[in-house]
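K.L.:
Take this sequence and fold it.
(chains A and B)
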Amino acid sequence: MSDVNRGRRQFIGWGAAALGGLTLAPGVMLFAPAQARAPEEAASSRVRWGLLIDTTQCDGCTACIEACRRENHVAAPSRKTDPQWIRKVELKDLRSGKTHSAPVMCQHCEHPPCVDVCPTGASFKRADGIVLVDRHICIGCRYCMMACPYKARSFVHEALTDQNPDVPRGKGCVESCTLCVHRVDRGRNPACVEACAAAGRNAIVFGDLNDPNSEIAKRVATYASTQIRADLGLNPGVRYQGI
Amino acid sequence: MIVALTVAAAATAAYADAGRVPTPKIVIEKGGKCVEDVAVMRRNHMEFLKHQRDDTMRRGIRSTKHSLQQCIDCHASRKTGSVVGSNENFCQSCHAYAAVKLDCFECHSTKPKAAAAAGTAVAKGNP
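P.N.:
Coordinates of the predicted model:
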């Protein structure tokens, strides 16, 4: 680690958490994302944020989904058209009958089709790899929803109240998982990651795929992991282990 | 004609009586200073907000000086906890007077962060 980085960490004050991990329960560690930036510093393309989801540690539990709803003030969907930022998908190997459960959210592709098709530039990829909808510019055409091979995006059909001040959302725009960008920018883990660790599973690791010393990069380098529909060549930032 | 006059009278009542020209009643809840000189804020707050919007949204810059959340933290009414809702609420006072209509608060919370109770954004149904 360079001195510049060390200074910055101390300045921000998350130093201790950033260097080690936070022990939530015996054997359960929540790794803090290492790259906490100063507030006035822009997101950098040196960083590539991603998630590694270990499906062998994931079962019928819905802690991640509930945490996402609480954090982003997204109501539980009651109709097919209601917004849904993260969902559990059951996967079954037809030969062995073995089933897996895995949370699927925006896969934060390196080459996001949603960005390609967006007519206004609202759909965009931030320098650090987080794919977002700039809802100040979104006209609600929903091309991106059709382009996304992961069905990760939703349209807000109805007016909303009681939004989280950190997570503005409203009628007439497309939205999806933001990787909890409002938390990540402040050096915190996404809500789903925190909840999964608190539930004792630790099936989701968040971090910088470009930083060889990060927990996520080490795991990706050590264990076999896959991307959903890797054949499409989109290089998602969300990877899965055990499927 | 009578109707029009009554409406005009009712509308004027919401503004402070500053001589012959009605002016909006602007309630400042917190003492101290704004993030820029008041004269600059009156003219340019929308520019600051739009810059900040793009900086935060597109580039992840989280400086607070011109952040909308910060405006709300300082300017929310003590009575209603909000920056809009009535013509005495800060962001609505001038805007009602100048016939400016904002869509910001369809998405952005109108309440300070501390006061916005944890809950779920609920659908209001189509108006």
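K.L.:
Residue numbers of chain A in contact with chain B?
P.N.:
Neighbours of chain B within chain A, by CB under 8 Å from any CB of the partner chain: A:37, A:39-43, A:69-70, A:73-76, A:124, A:126-128, A:132, A:134-136, A:157-166, A:168-171, A:173, A:181, A:185-186. Every residue, glycine included, has its C-beta placed from N, CA and C.
K.L.:
one more time with 7 Å
P.N.:
A:39-40, A:42-43, A:69, A:73-75, A:124, A:126, A:134-136, A:158-165, A:168-171, A:185-186 (CB under 7 Å from any CB of the partner chain).
K.L.:
Type out the PyMOL command that picks the buried ones from those residues.
P.N.:
Buried residues within those, by 16 or more other CB atoms under 10 Å in any protein chain shown, are selected in PyMOL with:
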select buried, chain A and resi 43+69+73+74+75+124+126+134+135+136+158+159+160+161+162+163+164+165+168+169+170+171+185
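K.L.:
Just confirm residue A:206 contacts residue A:53, I think it does.
P.N.:
No. Look at residue A:206 against residue A:53 with CB atoms under 7 Å: they stay out of range, at 10.1 Å.
K.L.:
mind listing the strands for chain A?
P.N.:
In chain A, strands defined by DSSP state E lie at A:22-25, A:28-30, A:49-54, A:86-92, A:99-105, A:123-125, A:131-133, A:154-155, A:160-161, A:174-175, A:204-208, A:238-241, listed in chain order.
K.L.:
do you know which of those strands lies nearest residue A:65?
P.N.:
Nearest to residue A:65, of all the strands of chain A, is strand A:86-92, at 5.5 Å by CB to CB.
K.L.:
Which strands or helices does that closest one pack on?
P.N.:
Contacting strand A:86-92 under the criterion 3 or more CB pairs under 7 Å, 6 or more residues apart in numbering or on different chains; DSSP states H and E are the following elements: helix A:63-72, strand A:99-105.
K.L.:
any idea how far residue A:112 lies from residue A:238?
P.N.:
Going from residue A:112 to residue A:238 by CB to CB, to the nearest Å gives 12 Å.
K.L.:
ok, now residue A:38?
P.N.:
Going from residue A:38 to residue A:238 by CB to CB gives 27 Å.
K.L.:
And residue A:95, by the same measure?
P.N.:
In this view, residue A:95 and residue A:238 are 26 Å apart by CB to CB.
K.L.:
More neighbours: which of these two?
P.N.:
Set side by side, residue A:95 and residue A:238 show more neighbours around residue A:238, with 24 against 6, by other CB atoms under 10 Å in any protein chain shown.
K.L.:
That one: what's it in contact with?
P.N.:
Residue A:238 makes contact with A:50, A:51, A:53, A:107, A:108, according to CB atoms under 7 Å, 6 or more residues apart in numbering or on different chains.
K.L.:
mind giving me the domain split of chain A?
P.N.:
As assigned by automatic domain parsing, chain A contains the domains A:1-32, A:47-241.
K.L.:
Quick check: end-to-end length of the longest one?
P.N.:
Meaning domain A:47-241. Taking CA to CA, to the nearest Å, the first and last residues of domain A:47-241 lie 22 Å apart.
K.L.:
okay, which residue is most central for the chain?
P.N.:
If you meant another chain, say so; for now it's chain A. The residue lying closest to the centre of chain A (CA atoms, centre = their mean) is residue A:179, at 3.3 Å.
K.L.:
The intended chain is chain B.
P.N.:
Short answer for chain B (CA atoms, centre = their mean): residue B:91, at 1.5 Å.
K.L.:
For the closest residue to that one other than its chain neighbours, which residues are in contact?
P.N.:
Nearest in space to residue B:91, with sequence neighbours left out and distances taken as CB to CB, 6 or more residues apart in numbering or on different chains, is residue B:83 at 4.3 Å. Residue B:83 sits next to B:72, B:75, B:76, B:89, B:90, B:91, B:110 when contact means CB under 7 Å, 6+ apart.
K.L.:
ok so, going back, in the helix or strand containing the residue nearest to the centre of chain B, what counts as buried?
P.N.:
For residue B:91, the enclosing helix or strand under DSSP states H and E is helix B:90-98. Within helix B:90-98, the residues that qualify as buried are B:90, B:91, B:92, B:93, B:94, B:95, B:96, B:97, counting by 16+ other CB under 10 Å.
K.L.:
coming back round to it: give me the more crowded residue out of residue A:206 and residue A:53.
P.N.:
More neighbours surround residue A:206 than the other of residue A:206 and residue A:53, with 28 against 25 (other CB under 10 Å).
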